[in-house]
Structure formats: C-alpha cells, structure tokens
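Peer 1: when you get a sec, could you give me coordinates for this:
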Amino acid sequence: MNSRLTAFFVFILMVQPAMAIEEPEFEVLQSNDDYEVRLYVPHVVAEVDVEADDGDPGRAAFRILAGYIFGDNEAETKMSMTAPVTSQAGGEGEPEQYTFAFFMESRYTMETLPKPIDTRIRLVEKPARVIAARRYSGRWSTSNYQKNESTLLAALENDGVILSGEPYLARYNSPFTPWFMRRNEILVEIEWSSP
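Peer 2: Have a look, this model is predicted:
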C-alpha cells in the first residue's frame, strides 16, 4: 500500500509542467503568517465579464480568453499561457456578474498586443500597485475562498491596513492539478506607506 501511494505522488510530481509559466513581477515589501504585501510592476491584462447564468462562468471566461491568446486575434498571434487567472464577483447591483482576467506576457504593451476579435475582451493596463496576498491550497470552493478571505481581511483590519479595492481570487494551476497541490491566492489592493 505504501509503495502504491509513493508511486502516485512521484507520478503527480512528474506530470507537473517542466517549463516555467510567466507570472506578473512583484517585490515583497513585508510578510507575516496571514499575508504578504507586494508591490506589483505595471502590466497589461485581458479581461472579460461573464454572467453567472452562463452555466459555468469560469469555463466560459477561460474559453474566451484562451481563444484570444491562442490566435483568435486580428494578427492571429499565438501567445503563451501565463499565471494566475484572476476572478472577481461584480460590484453592487450586478452580483451575478464575474470578471476574469489573464495577465499578458511582459514582452507586450498596449501598443504591441494584437487586437481581440471577440469584442467582449478588454485589454487593460494596470499601474504599479501594492497588493496584500494570502496564499492557500485546496479546492476552488466558495467556502474555501470565503474562509481565507475572512482571515485576510481580519488580519489587515487588525494591522490597520486600509483597503483601496475589493478582494479577488488568483488561481495558478490547471483544473487537473490535484486539490492539495494547488496554489490559490486572495488578492486585494491596499494603501501602503513603508513602515
């Protein structure tokens, strides 16, 4: 039994992607047991809004955004997959809407990115900003998200950190990654002055 379990874990580790996937660049300003404070450099994202009644909004959004980076654009340019994929529930008045985003490779700017064919896709330039991040593993369930979001927000409030945005989810792995090996993060933009 132990040898089978060991073989399973070795197999899982072997099937993880060997090549690196680009992530947005940031500098860690501070960290503790509950969260990490990061300064992100400016970057561009491709984002799309989907309705909750689209069946599986995550799958619908992924299909739209993946189509764009895999060549469904005016230049038919194929781009590399990046991480994470972020998602955020809509604001007040539109609770059934979600915004999903892919980070664009750092070699692209707003001027050099190909224009999407799908008009639902927006290319947005994000400025440098400070973000509080709480990392956790496990399933992409609402309860897991809410538990970690509550922990993050309580810790930030306890530390007197002021939020300047709404929390959102960042997923770094494919759905085929076993739940216990997944890297998930709750991210929220904050006001920050160096201590």
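
Peer 1: so which helix or strand of this structure has the lowest pLDDT on average?
Peer 2: When the helices and strands of the chain are scored by mean pLDDT, DSSP states H and E, helix 2-15 comes last with a mean of 41.

Peer 1: distance check, T142 against F102.
Peer 2: Noted for T142: a distance of 22 Å to F102, by Cβ to Cβ, to the nearest Å. C-beta here means a position set from N, CA and C on the backbone, and glycine is covered the same way.

Peer 1: who has more neighbours out of those two?
Peer 2: For T142 versus F102, the count of surrounding residues by other Cβ atoms under 10 Å is larger for F102: 25 against 8.

Peer 1: which element is that one on?
Peer 2: strand 97-103 (DSSP states H and E).

Peer 1: partner strands of that strand and their direction?
Peer 2: According to DSSP bridges, strand 97-103 forms sheet pairs with strand 43-51 (antiparallel), strand 85-89 (antiparallel).

Peer 1: for the closest residue to R182 other than its chain neighbours, what are its contacts?
Peer 2: Excluding its sequence neighbours, the residue lying closest to R182 (Cβ to Cβ, 6 or more residues apart in numbering) is N173, at 4.7 Å. Contacts here follow Cβ atoms under 8 Å, 6 or more residues apart in numbering; on that basis N173 touches A83, M181, R182, R183.

Peer 1: pLDDT score for N173?
Peer 2: At N173, the model reports a pLDDT of 93.
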